[in-house]
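Colleague: The following block contains a protein sequence and its predicted model.
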Amino acid sequence: MSEQLRQRLFAELDSLRLIDPHSHIEPKTAASTTLADILGYHYYTELCHSAGMPRAQIEEPELDPREKVRRLVARIEPLRNTVQYSWLLELARTFFGFPADEQLTPANWESLYDAAAKKMAEPNWEQQVLDRTKLDAVFLTNNFDDPLTGFDTKRYVPCLRTDDLVFHLAKPEVRQRLEQATNTSIDSIAALRGAIGTLFRHFRGKGARACAISLPPSFAPHPCSAPSADSALAAVLRSPANKPAADTLANFVFWTLAEFCAEYKLPFDLMIGVNRAVYRGGVYQGQDLYDSRVSLIQYAELFNAFPHVVFPVSVLASVTNQELVSYAWIFPNVVTNGHWWYSNTPAYIEHDAAARLEAVPQSKQIGYYSDAYKLEFCLPKFAMYKRILAKLLAERFVLDRGWSEQQALDLGRRVLRGNVEEVFNIRCA
Amino acid sequence: MSEQLRQRLFAELDSLRLIDPHSHIEPKTAASTTLADILGYHYYTELCHSAGMPRAQIEEPELDPREKVRRLVARIEPLRNTVQYSWLLELARTFFGFPADEQLTPANWESLYDAAAKKMAEPNWEQQVLDRTKLDAVFLTNNFDDPLTGFDTKRYVPCLRTDDLVFHLAKPEVRQRLEQATNTSIDSIAALRGAIGTLFRHFRGKGARACAISLPPSFAPHPCSAPSADSALAAVLRSPANKPAADTLANFVFWTLAEFCAEYKLPFDLMIGVNRAVYRGGVYQGQDLYDSRVSLIQYAELFNAFPHVVFPVSVLASVTNQELVSYAWIFPNVVTNGHWWYSNTPAYIEHDAAARLEAVPQSKQIGYYSDAYKLEFCLPKFAMYKRILAKLLAERFVLDRGWSEQQALDLGRRVLRGNVEEVFNIRCA
Amino acid sequence: MSEQLRQRLFAELDSLRLIDPHSHIEPKTAASTTLADILGYHYYTELCHSAGMPRAQIEEPELDPREKVRRLVARIEPLRNTVQYSWLLELARTFFGFPADEQLTPANWESLYDAAAKKMAEPNWEQQVLDRTKLDAVFLTNNFDDPLTGFDTKRYVPCLRTDDLVFHLAKPEVRQRLEQATNTSIDSIAALRGAIGTLFRHFRGKGARACAISLPPSFAPHPCSAPSADSALAAVLRSPANKPAADTLANFVFWTLAEFCAEYKLPFDLMIGVNRAVYRGGVYQGQDLYDSRVSLIQYAELFNAFPHVVFPVSVLASVTNQELVSYAWIFPNVVTNGHWWYSNTPAYIEHDAAARLEAVPQSKQIGYYSDAYKLEFCLPKFAMYKRILAKLLAERFVLDRGWSEQQALDLGRRVLRGNVEEVFNIRCA
């Protein structure tokens, strides 16, 4: 009975049209052109590498897409248990008619490759994917100097990604990009603040719906006085390798971003906990890990200082999820946001979402985002989440707490779609 | 079948008479007088505030109870998913006949308010609640200078709460309270120790069954030499803001409390992990959060030093629960105690209790306490725990391990009631 | 249906022949001679002690085995809920015909004692246990100066345990053991390195399949220059109590072990997170606990520096398991290894194994090891794991992800047996 209940709830949730509140989709090449775009997703390259495939085989320069797929499929057998591989099969079945009972093998990959290439070459492929996935809009991850032109910003919603501004402004090339993007000479803190303001005006004018950043576990933001920010800027201008000055500058820029989020009424997505380039021999985008010893107490001053900025917070490790639940339960401006990266697997989603659903106000939970680089992945990733959500609603609300199915579905719809609209102030037809 | 088994086990557990080993009940006003006492519980005020209700609306001075309830109900819709809201509905249904299929809304709150007021005005309301909840006794949280008079200390069992003594003795007003309560001038460490001894004599004479304290994640107790304690006391007498001296004094007082617990054979409840006033703009009692990076290794010296003091330990974050399990499995004087505050929600209780039930000797587990401020909350909070306990016993003992229902119930009764009697040396009819 | 599926999967997994990749079995006395060998396992002594039994009663010198068992059984009632007690009953039922519905009590222990003694006295008792457990081989934990003679190293596979070398080389007695074992005077870093090389040659010659070590939460290995290692060695030779020098030396030895693991192609088992002698009044082997605030980031440099050494990693606390999953998903040379000690209980195994099974390549997971001191424990400990594995495969793969039972069993067999063969390069008939 519980099984059938789950199925019914899933079917209802699966009929919902979606807004994906965080992705890395490139709006001008949102959909894939060959299966290499699919198998080139870092989950497959890093897992194949982890299972023994040399990086040089994966990242050989000028590698033909077909050959790249051939090589990866030859090494994919160890991944069959992973949920990431299940995304691949679900995607292949749904979009390209891959048989339901087959694994991807050296014997059958080529027909899938050809079937995919044929579909992807259809002129409305992108629209087909959007329709099949029931996607109304997808949030982007835009560099601060992105002109945001040449695409429909209602469908592909700009977001100002600020990692470079905060953590790499000591690098001359980043400052140069900022100067060019804002037509400003970054020679003082006032000029820097002005340039950041220019970015916000630009992004807001293009319909941006969030400012976003990923943060290392060591980061603990605090306000920074103008004189010390000035000294820090001067110091990094003299020496980009001055680490204490770069840290002070990072703090200043971060705090300034929060100020502009307040001014421009933009939610500030915090993605907390990643250490970059931990595995130096890893494949592209497969080098980052983390130290789970991080606490949201590091952000307490920020949450206190900006009561009118909404902070949708993602945490990298499931052990931080209870803090996220508690901080969202207490701070009006903290919202739980999706299941990020290493926590985006069923066992952790289930544990983490269960805790959120029962202790955070239902208006303050963004259930899921795809984090996808290619549009085809939104479907299987959201499907994974919806199945878990249906399971939690069935077991923990309908059965354990005596809710009606209708009540359970209302909660499910809210975390899947309604809150995305409310929190990011976005409406789609 | 598993569902019916859970129901049978719950029914048996639910028939048990209870002793609640930790609450904040005021013994002279144990039960509520209006629904504002119920909805004024910090869980509702803080969650409504978190969901957008301004603090000023909640905490307006001289606010009429009926108006307070009206305002909170107007903002309570976002809380419907929370387990805290489910306590409210269960309480309203059980005690005040609130309809089983209704939500609390602006349309129906007033009839509930009136029904509750009528019941609460009945002369034996408190006894009705105790009877319906099957409560034999409830532990209190008494300030160190509480005279402990004017109530039945068999029913409302005194506990010496020591946060002020340990963490705020540098404040002149706390010292003054201590001097008055003990008729002692706190001008030396010897005098301080004497005063603390006087408190223990007083509390023991009134039937106290525990000494208790809540502790911040940074606290790591260690013995403190008399000379350094003397210097620290002298320093805070000169300057209450002397933080290092206050910390030394805190350590001295804490260690002294443990010594008196040994002498008076009182269990010392440690509630580990809370940071006070993290959200400064929060409602009353809705400002505290935590840093989950805490370890029981911080208490290893204490547990070693006082083998004859029983330490019922509560941890604030579920990520500390495994340490609690392991320390209770190794240290004879460490006992697991309830599911505290931010871990008092079903997903965390289920995970944490499962680990305790299978690895800590059954004689060393206090299953649950209400932590309630008003008597009416004991019923729905204990009911939540009993449902989870029934689920765990059904699934993890009867089904997974082949236990008989009788064996499972014996374990359940022991953690729910028997161990409270044993650990706190209390017997009720 | 889920119940029956679990049963079917368990039956298949249970028919598998096993290699136990980590134990503390003494190969010349692998099986027990009396029930005191069974009840003397630290799990029972420490849990009985934790539940109130004085250490002196347990560890009385020259205690007769029968009397020891009598005393422990007299205090074992509080342990009935623990999974460790369930191992005892399963073992007693399987090997000694203990009745299925009985508890071990003062009334019946003696007949069990006698039945066990009789069985254990049979000349092929050890072989009976191996056969009944379907054990092809068992990995040992050998001191570095073990001659590794007098037993079948195909059945009892040597492993070089290196805690003493790394953490206690400052002690004269440990250096003396090393000097004797290698016929080397440890008067320089070059000599020390040479001696360690000699150990590896010896162990490899005897068929060792792993180097292993347990590590405290504070350890964070890094390379150590020869001059600073030389100074450190000289310093500890002068003063064994020189803690900084001992720490430097520990680092040097640890790094050197990794270098030899590379040279000899031996996996290096890391068992991360234990603090020794936390409870100083505890029974033998029942004094160790931990600080769960540890991160695999502490090992990032090691994993980067030795890409050709396989590191089967065990973590002591379940809160570290997600890091282990993530590091094994990214680093080719990190393999998940079993469920260690305080995490070797069903609730934690279930949570931790679920996360591994869905995110770590299936070729990189060692499902379980017994960690046993006596051969009889392999059966109930592996049985516990197999039941949980069957549950996870049934619920999370067959039901949730639509796998066939055959696919699920293939995954189960791989983590239970196949990967042990692959990772440790061992084949048994």
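Modeller: Nice, thanks for sending it over. Numbering: from 1, shown residues only, chains lettered A, B, ... in the order given.
Colleague: Excluding chain neighbours, what is closest to A:Asn408?
Modeller: Asn isn't right for residue A:408; it's Ala. Among residues not flanking A:Ala408 along the chain, A:Leu393 sits closest, at 4.0 Å (C-beta to C-beta, 6 or more residues apart in numbering or on different chains). For every residue, glycine as well, the C-beta is placed using N, CA and C.
Colleague: The one you found: neighbour count?
Modeller: 28 (other C-beta atoms under 10 Å in any protein chain shown).
Colleague: what sits against it?
Modeller: Counting by C-beta atoms under 8 Å, 6 or more residues apart in numbering or on different chains, A:Leu393 touches A:9, A:357, A:403, A:408-409, A:411-412.
Colleague: Looking at those residues, which are in helices?
Modeller: Secondary structure from DSSP state H places A:9, A:357, A:408-409, A:411-412 of these in helices.
Colleague: What parts of the stretch 251-400 of chain A come near chain B?
Modeller: Proximity of the stretch 251-400 of chain A to chain B (C-beta under 8 Å from any C-beta of the partner chain) is limited to residues A:293, A:295-297, A:300, A:303-304, A:307, A:319-320, A:322-323, A:325-332, A:351, A:354-355, A:357-364, A:396-397, A:399-400.
Colleague: just checking, which of those residues belong to helices?
Modeller: Members of those lying in helices (criterion: DSSP H): A:300, A:303-304, A:322-323, A:325-330, A:351, A:354-355, A:357-359, A:400.
Colleague: now A:Ser363: how far from chain C?
Modeller: For A:Ser363, the distance to chain C equals 29 Å [C-beta to the nearest C-beta, to the nearest Å].
Colleague: For that residue, which non-adjacent residue is spatially closest?
Modeller: B:Pro78 (4.1 Å).
Colleague: show me what contacts the one you found?
Modeller: A:361-364, B:47-48, B:51-52.
Colleague: Can you say which of these are buried?
Modeller: A:361-364, B:47-48, B:51 (16 or more other C-beta atoms under 10 Å in any protein chain shown).
Colleague: Please work out the average pLDDT along the longest helix belonging to chain A.
Modeller: Looking across chain A with DSSP H, the single longest helix is helix A:243-264. Per-residue pLDDT over helix A:243-264 has a mean of 97.
Colleague: what's the answer for stretch A:13-31, then?
Modeller: According to the model, stretch A:13-31 has a mean pLDDT of 98.
Colleague: can you list contacts of stretch A:38-49?
Modeller: If you take C-beta under 8 Å, 6+ apart as the criterion, stretch A:38-49 is touched by A:32, A:55, A:58-59, A:68-69, A:72-73, A:75-76, A:78-79, A:82, A:84-85, A:87-88, A:91, A:116, A:282-286, A:373-374, A:376-377, C:329-330, C:332, C:361.
Colleague: What subset of these is buried?
Modeller: Buried subset of the contacts of stretch A:38-49 (neighbour count, 16+ other C-beta under 10 Å): A:32, A:55, A:58, A:68-69, A:72-73, A:75-76, A:78-79, A:82, A:84-85, A:87-88, A:91, A:116, A:282-283, A:286, A:373-374, A:376-377, C:329-330, C:332, C:361.
Colleague: what's near enough to touch the nearest residue to A:Ala137 once chain neighbours are set aside?
Modeller: Once flanking residues are discounted, A:Ala137 sits nearest to A:Ile19: 4.7 Å by C-beta to C-beta, 6+ apart. Listed by C-beta under 8 Å, 6+ apart, the contact set of A:Ile19 reads A:135-139, A:417, A:420-421, A:424, A:426, A:428.
Colleague: tell me the SS of A:Ile19?
Modeller: strand (DSSP: H, G, I helix; E, B strand; the rest coil).
Colleague: Which single residue in the stretch 101-250 of chain A comes nearest to chain B?
Modeller: Here the residue of the stretch 101-250 of chain A nearest chain B is A:Pro217; by C-beta to the nearest C-beta that distance is 10.6 Å.
Colleague: For that residue, give me the pLDDT.
Modeller: 98.
Colleague: Phi and psi next, for it.
Modeller: Torsion angles at A:Pro217 (phi, psi; degrees, to the nearest 10) stand at phi -60, psi -20.
Colleague: Please report how far A:Leu89 lies from chain C.
Modeller: 10 Å.
Colleague: State whether that residue is indeed within a strand.
Modeller: No - assigned with three-state DSSP, A:Leu89 falls outside any strand and is helix.
Colleague: In contact with it: list those residues for me.
Modeller: With contact taken as C-beta under 8 Å, 6+ apart, A:Leu89 is in contact with A:98, A:103-104.
Colleague: filter these to the buried ones?
Modeller: A:98, A:104.
Colleague: shaky segments in the stretch 1-150 of chain A?
Modeller: The model of the stretch 1-150 of chain A has pLDDT under 70 over residues A:1.
Colleague: Could you break chain A into its assigned domains?
Modeller: For chain A, automatic domain parsing gives the domain ranges A:34-120, A:128-424.
Colleague: what about the residue nearest the centre of chain A, distance to A:Leu316?
Modeller: Central residue of chain A (C-alpha atoms, centre = their mean): A:Asp371, 3.5 Å from the mean position. Applying C-beta to C-beta, to the nearest Å, the value for A:Asp371 to A:Leu316 is 12 Å.
Colleague: what sits in contact with each of the two?
Modeller: Counting by C-beta under 8 Å, 6+ apart, the shared contacts of A:Asp371 and A:Leu316 are A:340-341.
Colleague: returning to what we had before: in a markdown table: the contacts of A:Leu393, plus neighbour count.
Modeller: Listed next are those as a markdown table, based on neighbours: other C-beta atoms under 10 Å in any protein chain shown:
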| residue | neighbour count |
| --- | --- |
| A:Leu9 | 24 |
| A:Leu357 | 28 |
| A:Trp403 | 20 |
| A:Ala408 | 27 |
| A:Leu409 | 20 |
| A:Leu411 | 22 |
| A:Gly412 | 24 |
